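Undergrad: Quick check, what structure comes out for this input:
(one chain, ligands or ions: 2)
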Amino acid sequence: MNRIFSGVQPTGNLHLGNYLGAIRNWVALQHDYDCIFCIVDLHAVTVPQDPVQLRAQTREVTAAYIAAGIDPERCVIFNQSTVPGHAELAWLLGCQTPLGWLNRMTQFKEKAGKQREEAGLGLYSYPVLMAADILLYKATHVPVGEDQKQHLELSRDIAGAFNRRFGVEFFPLPEPMIFGTATRVMSLRDGTKKMSKSDQSDYSRINMTDDADAIALKIRKAKTDPNPLPETAKDAEARPEADNLLGIYAALSDLTRDQVIEQWAGKSFSTFKSDLADLSSSVLGKIGGEMRRLLAEPGYIDDILRRGAERANAVAKPHLQEVFDIMGLLRP
Ligand code: AMP
Ligand code: TRP
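TA: Ligands and ions are numbered 1, 2, ... in the order given. The predicted structure follows:
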């Protein structure tokens, strides 16, 4: 069976972009693939984290996966640092990765900003660790949001470089799966910026744990232009804030963007927004409630992670052993 690997960082607030761009899609895939879903804590520490928060957020992301409908029996759910193979393979793959490839990564440029010289080595080599995550399990498919496309292309390049260098067909080239009607959810305050965990403005994002009042307020305050809703897809494309809300509406209601545009063409934003708020609260309200219930039982969450780590290690170890053999690293 084809294997899926994907992950979310345990940093900051999980938001609607994480849900619609990633987690919601995973729920549908778990029946057709052998799935491994990771909480990527080693990626989180590429920028400074508060240890107490990091632990809490690791449990929170785990709770979100389960609350969203990922079955921990069917899928492997674990946190990255419990499987040592991720860091080990990242080193070995880093030795196959030219600096020129890493220099092209736009996320590093964005995250490092003007302080390039101050940025950590881990932030720079982050995409190699991501390649290791995927390749450690020989995953064939990787469902993510649009922003991860470049990192996935690099993972394919690294897999290819390894295979060529050692004359093997060991790693499959992982296929990105970027689908749904909200592959790139934008900030509610600025249609040119993606919705992100690190945005300073609380009004920029809807968190997975927001209650109905918070959701309604944020959607009411969401930036729009003064015109009524777009009449055509082309019209929507030229209006990023409107287009973003239409995409969210479509994803939450399992409609196509065109169907939503047709349904709301020329109507006023105020009724659209109140409908969108109801729709968001009905989907997220259930998930948020379930997350809170799960988080009240940290022992249960930790049991799932512990069991997930055992299952992940059982797949990872023999693969890593083969990589050692291929590279000539003696295991006496
Ligand atoms: P991160 O928040 O960077 O850990 O991302 C976890 C997953 O959510 C990845 O698959 C991302 O591509 C996806 N994701 C993050 N932000 C967005 C967004 N604004 N729109 C769509 N997908 C997103
Ligand atoms: N880099 C991804 C993000 O920030 C998270 C991630 C780490 C990931 N390793 C992965 C996603 C492997 C898919 C597969 O969103």
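Undergrad: Excluding sequence neighbours, find me the nearest residue to L173.
TA: Leaving aside its chain neighbours, L173 sits nearest to R156 (4.6 Å; criterion: CB to CB, 6 or more residues apart in numbering). C-betas here are computed from N, CA, C, even on glycine.
Undergrad: which element is that neighbour on?
TA: Assigned by DSSP states H and E, R156 belongs to helix 149-166.
Undergrad: name the helices or strands packed onto that helix?
TA: When contacts are defined as 3 or more CB pairs under 8 Å, 6 or more residues apart in numbering; DSSP states H and E, helix 149-166 sits against helix 99-103, helix 106-112, helix 121-135, strand 175-177.
Undergrad: Of all those, which one is nearest M208?
TA: strand 175-177 (21.0 Å; CB to CB).
Undergrad: could you list every residue that touches the residue in the stretch 101-250 of the chain positioned nearest to ligand 1?
TA: Relative to ligand 1, the nearest point of the stretch 101-250 of the chain is G145 (2.4 Å; CB to the nearest ligand atom). Residues counted as contacts of G145 (CB atoms under 8 Å, 6 or more residues apart in numbering) are G17, N18, G21, A22, I178, T183, R184, V185.
Undergrad: how much does the lengthiest helix in the chain deviate in direction from helix 121-135?
TA: The longest helix of the chain (DSSP state H) is helix 298-327. Per axes from the mean of the first three to the mean of the last three CA atoms, to 10 degrees, the angle that helix 298-327 makes with helix 121-135 is 90 degrees.
Undergrad: got the buried residues for helix 298-327?
TA: Applying a neighbour-count criterion of 16 or more other CB atoms under 10 Å, one finds 300-301, 304-305, 308-309, 312-313, 315-316, 319-320, 323, 326 buried in helix 298-327.
Undergrad: can you redo these as JSON lines with distance to L136 and pLDDT?
TA: Shown next, in JSON lines, are those (distance: CB to CB, whole Å; pLDDT from 0 to 100):
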{"residue": "Y300", "distance to L136": "27", "pLDDT": "97"}
{"residue": "I301", "distance to L136": "23", "pLDDT": "98"}
{"residue": "I304", "distance to L136": "20", "pLDDT": "98"}
{"residue": "L305", "distance to L136": "17", "pLDDT": "98"}
{"residue": "G308", "distance to L136": "14", "pLDDT": "98"}
{"residue": "A309", "distance to L136": "13", "pLDDT": "98"}
{"residue": "A312", "distance to L136": "9", "pLDDT": "98"}
{"residue": "N313", "distance to L136": "10", "pLDDT": "98"}
{"residue": "V315", "distance to L136": "8", "pLDDT": "98"}
{"residue": "A316", "distance to L136": "5", "pLDDT": "98"}
{"residue": "H319", "distance to L136": "6", "pLDDT": "98"}
{"residue": "L320", "distance to L136": "7", "pLDDT": "98"}
{"residue": "V323", "distance to L136": "9", "pLDDT": "98"}
{"residue": "I326", "distance to L136": "14", "pLDDT": "98"}
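Undergrad: now, which of those residues sits nearest S81?
TA: Ranked by distance to S81 (CB to CB), these are led by A309 at 9.3 Å.
Undergrad: circling back to that earlier point, ok, and which of the buried residues of helix 298-327 reach ligand 1?
TA: Among these, no residue sits close to ligand 1 (CB under 6 Å from any ligand atom).
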